[in-house]
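Asker: Here is the input, now give the coordinates:
(chains A, B and C, ligands or ions: 2)
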Amino acid sequence: MNRRLASLDSWLGVTIFLAVWQALSALGLLDPRIIPSPIAVVAGTASHLTLAQFLGDVEASLFRVMAGFLIASVLGVVLGVASGWYPLVGDLLRAPIDLLRPIPPLAWIPAALIWFGLGEPSKVFVISLGAFFPAFTNTLAGMRKIDRDILNAARMMGLSGWRLLYRVAVPAIEPDILTGLRIAWSLSFGVLVAAELIASQSGLGNLIVRARELGQIDLVVFGILAIGITTLLTDFIIAQFFFRFRLRWYVKATTAGLAGTRER
Amino acid sequence: MQSPRVERVTEAVANAGSARPKIEILQVSKQFPAEDPARGLAVSNVSLTVGQNEFVSLLGRSGCGKTTLLNMIAGLVAPTQGQIAIDGKPVRGPGPDRGMVFQSSALFPWLTAIDNIEFGLVNRGVPKVERRRHAQDLISLVQLSGFESKYPRELSGGMQQRVAIARALALDPEILLMDEPFGALDELTRAEMQDELLAIWQKRTKTVVFVTHSISEAIFLSDRVIVMSPHPGRIREQIVIDVPRPRQRASVQFAQFYETIQRAIE
Amino acid sequence: MSDTLGTGSGPDGKAKATVAPGQGECRPSIEAERQPGWAVSRHLRQTGLPLLSVAVILAFWEGAAQLGLFDASTIPPPSRVLSTVWELQTLGFPRGSSLLTHMGSTLGRVAAGYALAAVLGIPLGMLIGRSLRASRMVLPIVTFARSVATLSLLPLAVLWFGVGEESKVFLITYGCFWVLLTNVIDGAKNVDPALIRAALMLDTSPRAMFYRVILPSALPYIFSGLRLALGLGFMVIVGVELIGTSIGLGALISQARTFYRMDLVFAGMVAIALFGLLIALGLSWLERLLLPWARESK
Ligand SMILES: Nc1ncnc2c1ncn2[C@@H]1O[C@H](COP(=O)(O)OP(=O)(O)OP(=O)(O)O)[C@@H](O)[C@H]1O
Ligand SMILES: [Mg+2]
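Answerer: Ligands and ions are numbered 1, 2, ... in the order given. Next up is the predicted model:
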């Protein structure tokens, strides 16, 4: 009951926001050449953009983000786990990673363009750089705060080495990994848009560039909203997928004695 | 040797005897919102009066509504039925006449021990020098000299609880509501703190409502022990401890009270 | 050496809820616990190995470049980058714009946008967070506004504010504002009710409740918001400068690219990294100063 009330409030908030926006436009308080009304955005988009074009842009963007994200998350999670588990790896990796981390991923764009040219690889490279750090840092943070009692309990049950790592330690830090991957995902989108604004022939960022060049401000607004919605929607899908997958794995891999500890 | 006085109080008011009532609780119930209304009934039709300067303990199993009852006296939780009055005036909210020590110490983590103690004094606008002196006295009272400028997370659970006691005492309330204040203390400190509490209670003439899980603590401290039972939370029995203080923790009489109360709880 | 693995955690570790995890402090790794031999030299390893790894990487990089194993113009060696930093400061690129000029201009923009976001976001977040209804109503809007890639607003910003400083400051403010707002709302919302009750029993007026209980209790969240916002602000400004200006660190590396001056690109990146590092250090110093009670241990 409470929950329904909460979502009602949420819808109310969105409705009020859109209504005020539309009303201000209708009253002429917002210059339509500068801020088109919600209805104008929808109408303008319908006339300027075909569905096929739009889907093409979405596909191009998603491909880039996915490629960069996958590379980064595999590398980030594997290196994060290794750094937490083997002190030698952790100590060796720490300094170079700490030195690179303060560089915003976008600052790699010029270098990437020189190294990889204007094509896809440079975008994927920059996106994966952006996504790597959150994936790595969160995984490592998870590894560092694993409850030692869980590990000791597992050791007392005869687990050690690799098996201890992948049957106890990794499941224990799954929530941290998920957090890291979600941050990585939304950061990937931010980087993607910048990359597409700077050098690209397709994608949602490029949609905005094209619309601006043609002076279709309604389409620019649509592009901005589309990027936001795509980010939110895909983030939601990732979280859902992860929870399902995690649950299956959880049933299969964890012994009854350790089950309770994972949810914390 | 006389046997302990046990009174059956089911519907009747648990009485304070001759003393003038300080706290009057009249047929109070508290229903929390819950799927199953029976489970949400934390306190059911409880009546109790506490006399001026009386020391009353609430005893009972976990979940029998002790904290809820205390919160209602404090004015932090409103009863769904019935009335609570202090000095004849109905309780509408927290007031300066009541101080509380919470089950979890509820110290402000961003304040040092001494600043926590001074919190209420600052609210009252007590000048700095005066409130520092007052707080220092309380620090030594709860035996925390040397830990004044430690933050709560740097103190052990027992030390935190003692800061919380000092914080409640700082405003010198007429009524002291204490929710398992010594639960986190070791046996020795606990005995010391019990002595201190009695000393404060006698010197400053306070009315105390004291929640505890420890039967012997209740016997050692109280004028009266109220035994509560859960689901729904009710008063089951009250036992008057008419033993002069200072009491001997290891006396035969003590053991008799212990047995009686244990039987009352079951 | 303090050992924070699993031991002596304070009563509430939950203030960390929205804090981006993992400022890389040195804590012993898990395996080290089991290997007494390792433990003896742990301290040595923890300071020595990172230095060693960086030194080895730099040495190999330099050596390989000197031996001509790769094209030094696309991957300039450390010595070259260093001399370029010097050249950049003395001669400037474009000529006359020294490194400090670029840094100053970037810093000015970030500072303005960040400060504006803080001035707007902190009070507003505290207000919204204290009302359950309001926070529920703004939640979807805030979540969405956060998901909008800040740089995608660039065309609109230019349309609204022109190509000058205002549009850049606006974009930084936009990026920082929503992150900060989310954290401040969380902070104002997640005040431990036990503390409110305790304060109620201590003669606390509504005004004192806000300033002496709710605000201090939200402070760790506000700080984590400030930290996240700063990182984002930096990212936004670099992106904005890449696209269309002549002064600023982002502009510097972008123009260096068009001249194929990889050494300059690297020099600019070094400056950006240093910058980010310094600001992050400054912020955590400030946090230690203002929030001594939230520190891990004594
Ligand atoms: N805010 C609340 N909402 C719903 N139910 C509550 C709430 N507070 C208490 N209850 C319920 O009321 C009953 C009594 O709780 P209360 O905390 O008063 O017990 P207690 O006697 O203090 O227990 P303990 O000895 O464990 O502290 C319990 O069943 C509890 O689940
Ligand atoms: Mg209780």
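Asker: so where's chain C uncertain?
Answerer: Applying pLDDT under 70 to chain C flags residues C:1-42, C:295-298.
Asker: State the distance from the residue in it that ligand 2 sits nearest to to ligand 1.
Answerer: Residue nearest to ligand 2 within chain C (CB to the ion): C:Ala194, separated by 12.0 Å. Where you see a C-beta, it was placed from the backbone N, CA and C, and this is true even at glycine. Distance, C:Ala194 to ligand 1, by CB to the nearest ligand atom, to the nearest Å: 12 Å.
Asker: What of A:Leu5?
Answerer: 18 Å.
Asker: contacting residues around that residue?
Answerer: Contact partners of A:Leu5, counting by CB atoms under 8 Å, 6 or more residues apart in numbering or on different chains, are absent.
Asker: if I've got this straight, it is in a strand?
Answerer: No - the assignment for A:Leu5 (DSSP: H, G, I helix; E, B strand; the rest coil) gives helix, which keeps it out of a strand.
Asker: Apart from its neighbours in sequence, what residue is nearest C:Gly129?
Answerer: C:Ala188 (2.6 Å; CB to CB, 6 or more residues apart in numbering or on different chains).
Asker: In contact with the one you found, which residues?
Answerer: Counted by CB under 8 Å, 6+ apart, C:Ala188 has contacts C:Gly125, C:Met126, C:Leu127, C:Ile128, C:Gly129, C:Arg130, C:Ile214, C:Ala218.
Asker: In which helix or strand does the second one reside?
Answerer: To tie it back to what came earlier, the one meant is C:Met126. Here C:Met126 sits within helix C:99-129, counting by DSSP states H and E.
Asker: near chain A, anything from the very next helix or strand once past that helix?
Answerer: The helix or strand immediately downstream of helix C:99-129 is helix C:132-147, counting by DSSP H and E. Yes - for helix C:132-147 and chain A, the contact criterion (CB under 8 Å from any CB of the partner chain) is met by C:Arg133, C:Arg136, C:Met137, C:Val138, C:Leu139, C:Pro140, C:Ile141, C:Thr143, C:Phe144, C:Ala145, C:Ser147.
Asker: name the helices or strands packed onto the next helix or strand after helix C:132-147?
Answerer: Once the chain leaves helix C:132-147, the next helix or strand it forms, by DSSP H and E, is helix C:154-161. In terms of contacts (3 or more CB pairs under 8 Å, 6 or more residues apart in numbering or on different chains; DSSP states H and E), helix C:154-161 is packed against helix A:204-213, helix A:217-253, helix C:165-189.
Asker: Dump these to CSV, plus distance to ligand 1.
Answerer: Formatted as CSV, these follow (distance: least, CB to the nearest ligand atom, whole Å):
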stretch, distance to ligand 1
helix A:204-213, 47
helix A:217-253, 28
helix C:165-189, 18
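Asker: and B:Leu41, which of those helices is closest to it?
Answerer: Closest approach to B:Leu41 among the helices and strands packed on helix C:154-161 (CB to CB): helix C:165-189, 29.3 Å.
Asker: Let me know the angle separating the closest one from helix C:99-129.
Answerer: 40 degrees (axes from the mean of the first three to the mean of the last three CA atoms, to 10 degrees).
Asker: coming back round to it: most tightly surrounded among the helices and strands packed on helix C:154-161?
Answerer: The highest average neighbour count among the helices and strands packed on helix C:154-161, using mean count of other CB atoms under 10 Å in any protein chain shown, belongs to helix C:165-189 at a mean of 24.
Asker: For chain B, what is the nearest residue in the stretch 101-250 of chain A?
Answerer: A:Lys145 (16.8 Å; CB to the nearest CB).
Asker: burial measure for that residue, as a count.
Answerer: 20 (other CB atoms under 10 Å in any protein chain shown).
Asker: Against B:Gln253, how distant is B:Ser214?
Answerer: Distance, B:Ser214 to B:Gln253, by CB to CB, to the nearest Å: 18 Å.
Asker: Repeat that for C:Gly113.
Answerer: Per CB to CB, C:Gly113 is found 76 Å from B:Gln253.
Asker: Neighbour count: these two, which is higher?
Answerer: Neighbour count, other CB under 10 Å: between C:Gly113 and B:Gln253, C:Gly113 has more, with 26 against 16.
Asker: Would you check how far apart that one and A:Ser122 are?
Answerer: 28 Å.
Asker: For the lengthiest helix in chain B, list the C-alpha coordinates in CSV.
Answerer: Secondary structure of chain B read by DSSP state H shows that its longest helix is helix B:187-204. Extracted C-alpha coordinates of helix B:187-204, given in CSV (Å, rounded to 0.1, in the frame of the first residue of the first chain):
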residue,chain,number,x,y,z
GLU,B,187,29.6,-7.6,35.6
LEU,B,188,31.9,-5.5,37.8
THR,B,189,31.2,-2.2,36.1
ARG,B,190,27.6,-3.0,36.2
ALA,B,191,27.6,-3.5,39.9
GLU,B,192,29.4,-0.2,40.4
MET,B,193,27.0,1.6,38.1
GLN,B,194,24.1,0.2,40.0
ASP,B,195,25.5,1.6,43.2
GLU,B,196,26.1,5.0,41.5
LEU,B,197,22.6,5.0,40.1
LEU,B,198,21.1,4.3,43.6
ALA,B,199,23.3,7.1,45.1
ILE,B,200,22.1,9.5,42.4
TRP,B,201,18.5,8.5,42.9
GLN,B,202,18.7,8.9,46.6
LYS,B,203,20.6,12.2,46.6
ARG,B,204,18.7,13.9,43.8
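Asker: Quick one: list the elements packing against the following helix or strand past it.
Answerer: Following helix B:187-204 in sequence order, the next helix or strand is strand B:207-212 (DSSP H and E). With contacts taken as 3+ CB pairs under 8 Å, 6+ apart, strand B:207-212 sits against strand B:21-31, strand B:41-51, strand B:55-60, helix B:66-74, strand B:175-179, helix B:215-221.
Asker: Output the ones you listed in JSON lines, with distance to ligand 2, mean pLDDT and mean neighbour count appended to each entry.
Answerer: Output for the helices and strands packed on strand B:207-212, formatted as JSON lines (distance: least, CB to the ion, whole Å; pLDDT from 0 to 100; neighbours: other CB atoms under 10 Å in any protein chain shown):
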{"stretch": "strand B:21-31", "distance to ligand 2": "13", "mean pLDDT": "93", "mean neighbour count": "20"}
{"stretch": "strand B:41-51", "distance to ligand 2": "10", "mean pLDDT": "92", "mean neighbour count": "22"}
{"stretch": "strand B:55-60", "distance to ligand 2": "9", "mean pLDDT": "94", "mean neighbour count": "25"}
{"stretch": "helix B:66-74", "distance to ligand 2": "3", "mean pLDDT": "94", "mean neighbour count": "24"}
{"stretch": "strand B:175-179", "distance to ligand 2": "6", "mean pLDDT": "95", "mean neighbour count": "23"}
{"stretch": "helix B:215-221", "distance to ligand 2": "15", "mean pLDDT": "93", "mean neighbour count": "23"}
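Asker: and C:Pro206, which of the ones you listed is closest to it?
Answerer: Short answer: helix B:66-74, nearest of the helices and strands packed on strand B:207-212 by CB to CB, at 18.0 Å.
Asker: Next secondary structure element downstream of that closest one?
Answerer: Criterion used, DSSP H and E; the element after helix B:66-74 is strand B:81-86.
Asker: Confirm A:Ile146 sits in a helix?
Answerer: No - according to three-state DSSP, A:Ile146 belongs to no helix; its state is coil.
Asker: okay but it is in contact with A:Val170, surely?
Answerer: No - with contact defined as CB atoms under 8 Å, A:Ile146 does not reach A:Val170; the gap is 9.9 Å.
Asker: And the contacts of stretch B:138-156?
Answerer: With CB under 8 Å, 6+ apart, stretch B:138-156 has contacts from B:105, B:107-114, B:116-117, B:136, B:159-160, B:162-163, B:165-166, B:169-170, B:192-193, B:196, B:200, C:10-11, C:292-293, C:298.
Asker: err, stretch B:170-179, not the other one
Answerer: Here stretch B:170-179 has contacts from B:22-23, B:66-67, B:70, B:73-74, B:86, B:96-103, B:117-121, B:124, B:134-135, B:138, B:165, B:168-169, B:201, B:204, B:206-211, C:202-203, using CB under 8 Å, 6+ apart.
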